[in-house]
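Participant: I'll drop the sequence and a predicted model, then ask my questions.
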Amino acid sequence: MPVFETVAAHAAVALENSRLVGRLRHDADHDALTKLPNRRRLTSAVAESIKIGAPDEVVALLLFDVDRLRQVNESLGHAAGDKVLVEVAERLRKCAPSSALVGRAGGDEFLVTLRLESADAALELAAQLREQIRDEMVFDALTLDVDTAVGVAVHPDHGGDAVALLQRVDLAATAAKSVPGSVQLYSPALESRSLRRLGLAGDLHRALNEGELEVYFQPKVTLRDRRLVGVECLARWEHPAHGTVVPDDFVAVAEHTGQLGRLTEFVLRESLRRSRDWSHGEQALSVSVNLAARTLTDKHFPTLVQDLLAEYGVPPQRLTLEITEAGVLDGTERPIPTLRSLRDLGVRLSVDDFGTGNSSLAQLRRLPVHEVKVDRSFVQGMATDPGDLAIVNAVVTLSQQFGLTVVAEGVESELTLELLQDIGCEIGQGFLFSRPLPYERLEAWFGAQVDPETIVAGELPRLRVVP
């Protein structure tokens with residue numbers, strides 16, 4: 001009996017050690033919050049799939065990046081953010097094919113990997129999964145819309161090993177985030193752009209210090225009688241080595257390197273200075289400045305705006321701040337206090353690129369905004385696509401019922417202008433009137449376009465009809 005008892009005790013210890021080792025191995029390969037396989041396990045699984053891949057199949061990686069998780073964490077706390085992640089994990093697990101491995105790649109990213117017949121099949125599956133997991137998520141009295149941007153990469157087209165594929169699907173997901181809710185297939189151009197942005201970080205700091213950046217001005221014109229009512233102010237950067245750097249690139253660099261505040265202040269200062277110095281009789285120059293969504297999380301920003309208005313002596317109603325639809329309608333209440341503070345200063349607020357996100361016009365009613373800008377993609381399609389015409393018509397009609405001014409972007413033809421006039425749109429901007437211009441050329445353009453016979457004291461002068 002003592003021998004049997006000793007053997008049993010050793011067996012129990014061995015069994016418990018085996019269970020402990022098993023738990024440790026499981027914990028090493030799984031995410032503690034969602035219980036899904038973690039990046040380590042996903043990397044191993046992708047490598048295994050590559051080894052046993054068939055010639056008529058690809059190993060597909062689908063990376064889902066959860067939109068606006070940072071805003072949820074900031075406004076509701078990390079416990080709410082964790083609930084969002086757990087819910088997204090559960091939805092993906094239920095919707096993904098049984099042959100797929102679903103895991104959490106880290107942070108707000110989830111990866112689905114499986115073998116499919118082609119890259120096109122991977123894109124189709126990514127779009128299907130994104131639609132299936134989209135739904136409202138309720139937290140007490142707050143309802144959030146769950147959406148994701150999706151990157152796709154496949155072996156062997158986009159990489160020969162797991163590490164390269166994971167890096168490239170991450171680049172694709174980052175590119176997808178620039179168009180809310182999109183699905184992006186990896187291409188080498190994404191990698192070169194990412195490397196270029198990395199190299200621009202130090203150059204942007206120097207450019208801001210040495211005055212390399214400029215502000216261009218694009219006129220905003222009344223459509224009915226062609227009067228200049230203001231300009232949109234747009235930052236431009238001509239790099240001494242790389243040439244023209246597109247705004248999407250240097251704004252992204254500014255956001256990720258902590259230089260967004262300096263860039264925004266630079267554009268504001270230049271815009272207000274030009275508004276103050278505009279010297280065309282009684283014509284006042286109203287200016288519009290674009291804001292990044294992150295600026296609305298800066299509680300000190302309204303004070304900066306107030307100080308700059310006082311410094312340059314510009315009335316607040318002459319400044320319009322434009323924020324993209326995704327920035328003001330981000331599923332949280334986070335932007336509202338800053339928007340209200342800016343409105344209380346007397347500054348005008350505009351929702352830019354309206355129609356490109358998933359919000360509705362009804363949501364605008366709760367926002368302290370004065371203006372809606374219809375995205376150029378719909379305006380430019382009005383003449384050929386009845387759907388685009390119907391969208392613009394609906395935006396104009398409902399916005400005006402809410403007391404909002406409507407601006408159409410991308411007006412490039414007389415036919416588009418006539419259609420906008422027919423549906424009652426008030427203001428437009430686009431190449432039909434003028435491209436964005438440096439300040440000196442803006443003054444020359446205005447002088448050449450003003451019809452002298454329409455100059456009446458107290459009224460905006462009319463512009464000549466564009467030939």
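Facilitator: Received the coordinates, thanks.
Participant: show residues contacting stretch 241-257.
Facilitator: Stretch 241-257 has contacts (C-beta atoms under 8 Å, 6 or more residues apart in numbering) with 178, 193, 196-197, 200-201, 204-205, 234-239, 259-260, 262-263, 292, 294. No exception for glycine: its C-beta is placed from N, CA and C like everyone else's.
Participant: buried stuff in the helix or strand hosting residue 174?
Facilitator: Residue 174 is part of helix 162-177 when elements are defined by DSSP states H and E. Residues of helix 162-177 classed as buried by neighbour count (16 or more other C-beta atoms under 10 Å): 162, 165-166, 168-177.
Participant: ditto for stretch 73-92
Facilitator: Those would be 73, 75-76, 80-81, 83-85, 87-89, 91-92, for stretch 73-92 by 16+ other C-beta under 10 Å.
Participant: got it, and stretch 436-455?
Facilitator: Using 16+ other C-beta under 10 Å as the test for burial, stretch 436-455 gives 436, 437, 439, 442, 443, 445, 446, 449, 450.
Participant: and if you look at stretch 241-257?
Facilitator: 245, 249, 250, 251, 252, 253, 254.
Participant: among those residues, which ones are in strands?
Facilitator: Among these, DSSP state E puts residue 245 in strands.
Participant: just put the buried residues of stretch 241-257 in a markdown table and tack on pLDDT and distance to residue 138.
Facilitator: Below are the buried residues of stretch 241-257 laid out as a markdown table (pLDDT from 0 to 100; distance: C-beta to C-beta, whole Å):
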| residue | pLDDT | distance to residue 138 |
| --- | --- | --- |
| 245 | 86 | 43 |
| 249 | 81 | 38 |
| 250 | 86 | 39 |
| 251 | 87 | 34 |
| 252 | 80 | 33 |
| 253 | 83 | 37 |
| 254 | 86 | 36 |
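Participant: where does pLDDT dip in the stretch 151-300 of the chain?
Facilitator: 178-181, 191-198, 281-282 (pLDDT under 70).
Participant: now the helices: where do they sit in it?
Facilitator: Shown for the stretch 151-300 of the chain, the helices assigned by DSSP state H, counting those that start in this stretch span residues 162-177, 188-210, 247-256, 260-277.
Participant: out of those helices, which is closest to residue 228?
Facilitator: helix 260-277 (12.9 Å; C-beta to C-beta).
Participant: still on that earlier bit, tell me which two of the buried residues of stretch 73-92 sit farthest apart.
Facilitator: Going by C-beta to C-beta, the pair spanning those furthest: 75 and 92, at 24.1 Å.
Participant: from residue 36, how far out is residue 228?
Facilitator: Noted for residue 228: a distance of 56 Å to residue 36, by C-beta to C-beta, to the nearest Å.
Participant: hmm, back to that, just the buried residues out of the contacts of stretch 241-257, in PyMOL syntax.
Facilitator: Those of these that count as buried under 16+ other C-beta under 10 Å are selected in PyMOL with:
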select buried, resi 193+197+200+204+205+234+235+236+237+259+260+263+292
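Participant: next, the spatially closest residue to residue 147 that is not a sequence neighbour: phi, psi?
Facilitator: Counting by C-beta to C-beta, 6 or more residues apart in numbering, residue 147 lies nearest to residue 67, which is 4.7 Å off, once chain neighbours are set aside. The phi/psi pair for residue 67 (degrees, to the nearest 10) reads phi -70, psi 140.
Participant: then residue 55?
Facilitator: Residue 55 has phi and psi values of phi -60, psi -20 when expressed as degrees, to the nearest 10.
Participant: which ones are touching the nearest residue to residue 165 once chain neighbours are set aside?
Facilitator: Nearest residue to residue 165 in three dimensions, chain neighbours excluded: residue 159, at 4.2 Å (C-beta to C-beta, 6+ apart). Residue 159 sits next to 153, 165, 167, 168 when contact means C-beta under 8 Å, 6+ apart.
Participant: which of those sit farthest apart?
Facilitator: 153 and 167 (8.8 Å).
Participant: ok so, going back, what about the buried residues of stretch 73-92, which are in helices?
Facilitator: Assigned to helices by DSSP state H, the following of the buried residues of stretch 73-92 qualify: 73, 75-76, 80-81, 83-85, 87-89, 91-92.
Participant: where's the dip in pLDDT among those?
Facilitator: Lowest pLDDT of those: residue 75, 64.
Participant: rewinding a little: my guess is the residue nearest to residue 147 contacts residue 149. True?
Facilitator: Yes. Using C-beta atoms under 8 Å, residue 67 is in contact with residue 149, at 6.5 Å.
Participant: pLDDT score for the nearest residue to residue 339 once chain neighbours are set aside?
Facilitator: For residue 339, ignoring the flanking residues on the chain, the nearest one in space by C-beta to C-beta, 6+ apart is residue 368 at 5.1 Å. The model reports residue 368 with a pLDDT of 85.
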